[in-house]
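>>> just the structure for this:
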Amino acid sequence: MSGLRVLVVGTSSPHVANYINRIQSEDVSIFVVSNGNEFLTKDMAYRQVDFSLVNPLNWLRTTWAIAKVIRSFKPNVIHVHQANAVAFYVTLVNVVFHLPLVLTAWGSDILINPKQNWLLKKMIQFVLKRVDHCTADAQFLADEMQRLIPKRKLPVTICNFGVNPINLAIEKEKIIYSNRTHNKLYRIDQVIDGFYRFCLGENSVGWKLIIAGRGTETEQLKAQCVESGLSDRIEFVGFLSPEQNANYYARSTFFVSLPESDATAVSLLEAMYYKCVPIVSDLPANKEWITHGENGFVVSNLSANYIDEALHLDKESAGQLNKEIVLERGTLEVSKASFRKVIFEAAQK
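Numbers count the residues shown, from 1 in each chain. Predicted structure coming up:
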């Protein structure tokens, strides 16, 4: 099939922009419906809508706007991102148009939202019962989607965004690197606490914790470092460019990520590509990539001195194994092929 027209619907985010990058080519035309175009290229066809469900008028305005785009753009397939209000609006509209509908779950929309209240769960089930195909970046996430609608065999393809590597030849240093968002979900405060416990021991001599990114807790986290007396050993470097981020991966021996809930994080795959030894929370998605004690350290007890324990791993061997794993399962080219296969097959059906 040539000249495939794909309507992409999702919130304004790097994730949606990354997805567009994966499917964009001469044989694919794209139109985006979103609540903002901050991360889109200037020439991208785009319609802004409000995905909020609070205002009842939105139910008419947003569905009408999506329907108008469908009538004018005439997509062969719709690909919606996140099983939340975004997917709910699209699914409502598609009851009329009956177009092939693909859903990409992000993680929290499946792992957290359905547990918050009955209405959110019913809304997500409404969507999952009506999509033609789904993608998830971890098998665990796909299994959770299936549990939400046990009476239907849900077609799910495992697709991650993959790593777009920058080739760097940099020696590893005594750096522990954290670059997750500074909010409650990602528990950066626990990363700092873990580093504090590590610093009480003699094995910590010369080690530094580098914290990239930003968020609602950034100032609180900086204050925590001052209170712990670690200001000289913890550095906040802010939001980084891809090149700067890659440089820190390449220099760092360990990558630490301790979220409460997560699917396959691109940051984990990037860290693995650059031969970091991951220290990660005990989550099913993480264990699809990390074998504890072999190519990383899975933290089952946040109060333990897990950084000191991770020092005993064969860091060079683990780093090399991590790169090999990503080259086989987590590259940009693998990601492109997977996402394109899904939309072309959905359109043909």
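
>>> so where's the protein shaky on pLDDT?
Low-confidence segments of the chain (pLDDT under 70): 1-2.

>>> what does the domain assignment say about it?
4-162+332-348, 173-329 (automatic domain parsing).

>>> mean neighbour count added to those, as a markdown table?
Glycine gets a C-beta too; all of them are placed from N, C-alpha and C. Shown next, in a markdown table, are the domains of the chain (neighbours: other Cβ atoms under 10 Å):
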| stretch | mean neighbour count |
| --- | --- |
| domain 4-162+332-348 | 18 |
| domain 173-329 | 18 |
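
>>> ranges for the strands of the stretch 1-150 of the chain?
In the stretch 1-150 of the chain, the strands defined using DSSP state E, counting those that start in this stretch lie at 4-9, 28-34, 45-48, 77-81, 101-104, 133-136.

>>> actually the stretch 151-300 of the chain, sorry about that
156-158, 173-178, 208-212, 234-238, 252-257, 277-281, 297-299.

>>> with distance to residue 42 added, can I get the ones you listed in TSV?
Formatted as TSV, the strands of the stretch 151-300 of the chain follow (distance: least, Cβ to Cβ, whole Å):
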stretch	distance to residue 42
strand 156-158	31
strand 173-178	33
strand 208-212	27
strand 234-238	26
strand 252-257	33
strand 277-281	37
strand 297-299	43
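
>>> out of these, which comes closest to residue 149?
strand 156-158 (11.4 Å; Cβ to Cβ).

>>> partner strands of that closest one, with direction?
strand 133-136 (parallel) (DSSP bridges).

>>> just the residues contacting the strand it pairs with, thanks.
Residues outside strand 133-136 that contact it (Cβ atoms under 8 Å, 6 or more residues apart in numbering): 100-105, 110, 128, 142, 145, 154-159, 263, 338-339, 342, 345-346.

>>> how about stretch 120-131?
83-85, 87-88, 91, 94-95, 101-103, 109-110, 113-115, 134, 145, 148-149, 152, 154.

>>> then stretch 294-310?
176, 187, 190, 193-195, 197-198, 201, 203-204, 254, 256, 258, 272, 277-282, 286-287, 289-290, 292, 313, 318, 321-322, 325.

>>> between the two ends of it, how far is it?
10 Å (Cα to Cα, to the nearest Å).

>>> repeat that for stretch 306-320.
Length of stretch 306-320, first residue to last, Cα to Cα: 21 Å.

>>> in space, what's closest to the most centrally placed residue in the chain - neighbours in sequence excluded?
Centroid-nearest residue in the chain, with Cα atoms, centre = their mean: residue 265, separated by 4.6 Å. Spatially, and ignoring its direct neighbours in sequence, residue 265 is nearest to residue 257 (6.4 Å; Cβ to Cβ, 6 or more residues apart in numbering).

>>> quick one: residues contacting the one you found.
178, 180, 186, 265, 267-268, 271, 278-281.

>>> hey, what's it bridged with?
residue 280.

>>> that one and residue 147, how far apart?
Between residue 257 and residue 147 the distance is 25 Å, computed by Cβ to Cβ, to the nearest Å.

>>> returning to what we had before: which member of the contacts of residue 257 is positioned nearest residue 231?
residue 178 (16.0 Å).

>>> tell me who's in contact with the closest one.
Per Cβ under 8 Å, 6+ apart, neighbours of residue 178: 188, 191, 209-213, 255-257.

>>> same question for residue 97.
By Cβ under 8 Å, 6+ apart, the residues touching residue 97 are 67, 70.

>>> what's near enough to touch residue 50?
Taking Cβ under 8 Å, 6+ apart as the contact definition, residue 50 lies against 35, 58, 61-62.

>>> cutoff 10 Å now
35, 57-58, 61-62, 65, 85, 89 (Cβ atoms under 10 Å, 6 or more residues apart in numbering).

>>> show me the two of the residues you listed that sit farthest apart.
35 and 57 (15.6 Å).

>>> need the nearest residue in space to residue 28, chain neighbours excluded.
Nearest one to residue 28, counting by Cβ to Cβ, 6+ apart, is residue 4 at 5.0 Å.

>>> where's the one you found relative to residue 285, distance?
30 Å.

>>> how far does stretch 63-81 stretch from one end to the other?
16 Å.
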